[in-house]
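*Asks:* what would the 3D arrangement of this be:
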Amino acid sequence: MLRSGMLLVATPGMHDVTFDRTVIFLLEHDESSSMGLVLNRPSDMLVSDAIPQLDAVARPERLYVGGPVEQGTALVLAEPVDPAAPDMYFMNEGIGLLDLTDEPSPRSQLERARAFSGYAGWGPRQLETELRHGSWILAPCVPSDLWESNHQNLWAQVIQRQGAMAEFLHTYPEQPWLN
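*Replies:* Purely as a prediction, here's the structure:
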């Protein structure tokens with residue numbers, strides 16, 4: 001069932017450079033729209049350069065490209081020390097988006113954080129249509145997926161957990177026509 005807190009895993013047949021072999025954490029899903037963060041697309045920028053107040057808690061230390069929508073807008077996925085923190089959005093099992101306008105510095109209030117530039121977004125029923133066409137595999141999220149620093153292996157790790165057909169897919173070559 002499609003709902004926030006799930007992972008969207010791009011199938012090997014998706015030939016969209018933006019989403020090729022991506023793993024997306026779904027922050028929000030309802031009848032009007034869906035929003036998520038790509039977990040395995042690091043940028044060349046360090047969090048300390050983009051959002052200095054998060055430097056002490058950001059893991060990994062790189063800023064990630066969360067998706068093609070509103071790139072340049074900072075979004076911070078965070079696990080607060082107190083899960084009842086009022087300054088978090090899209091809370092799901094103790095994880096949410098940090099309100100960067102909140103003062104003072106959020107460092108002392110967070111267990112860990114991961115910073116993104118932009119997000120992935122879908123209009124009404126767009127994501128359901130993409131799922132029906134086989135562009136995505138819907139998978140449960142394991143908490144360690146959100147904080148995985150080995151971005152190159154995340155896609156294969158999540159695929160491998162999905163069962164028999166997924167066992168085959170996780171070894172699918174990036175460019176099968178070269179084999």
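*Asks:* with residue 76 as the reference, measure out to residue 162.
*Replies:* Distance of residue 162 to residue 76, computed by C-beta to C-beta, to the nearest Å: 28 Å. Just so you know, the C-beta spots here come from the backbone N, C-alpha and C atoms, and that holds for glycine as well.
*Asks:* same question, residue 68
*Replies:* The spacing between residue 68 and residue 76, counted by C-beta to C-beta, is 18 Å.
*Asks:* those two: who's more crowded?
*Replies:* The neighbour count for residue 68 versus residue 76, taken as other C-beta atoms under 10 Å, is higher for residue 76 (24 against 14).
*Asks:* what is the mean pLDDT for the helix or strand where the more buried one lies?
*Replies:* Here residue 76, judged by DSSP states H and E, is contained in strand 69-80. Per-region confidence: strand 69-80 scores 91 on mean pLDDT.
*Asks:* same question, stretch 19-33
*Replies:* Here the average pLDDT along stretch 19-33 is 95.
*Asks:* what is the end-to-end distance of it?
*Replies:* Its start and end residues considered, stretch 19-33 measures 18 Å (C-alpha to C-alpha, to the nearest Å).
*Asks:* buried residues, that stretch. List them.
*Replies:* If you call a residue buried by 16 or more other C-beta atoms under 10 Å, then stretch 19-33 has these buried ones: 19, 21, 22, 23, 24, 25, 26, 27, 28, 29.
*Asks:* what's the answer for stretch 77-85, then?
*Replies:* For stretch 77-85, burial by neighbour count (16+ other C-beta under 10 Å) applies to 77, 78, 79, 80, 85.
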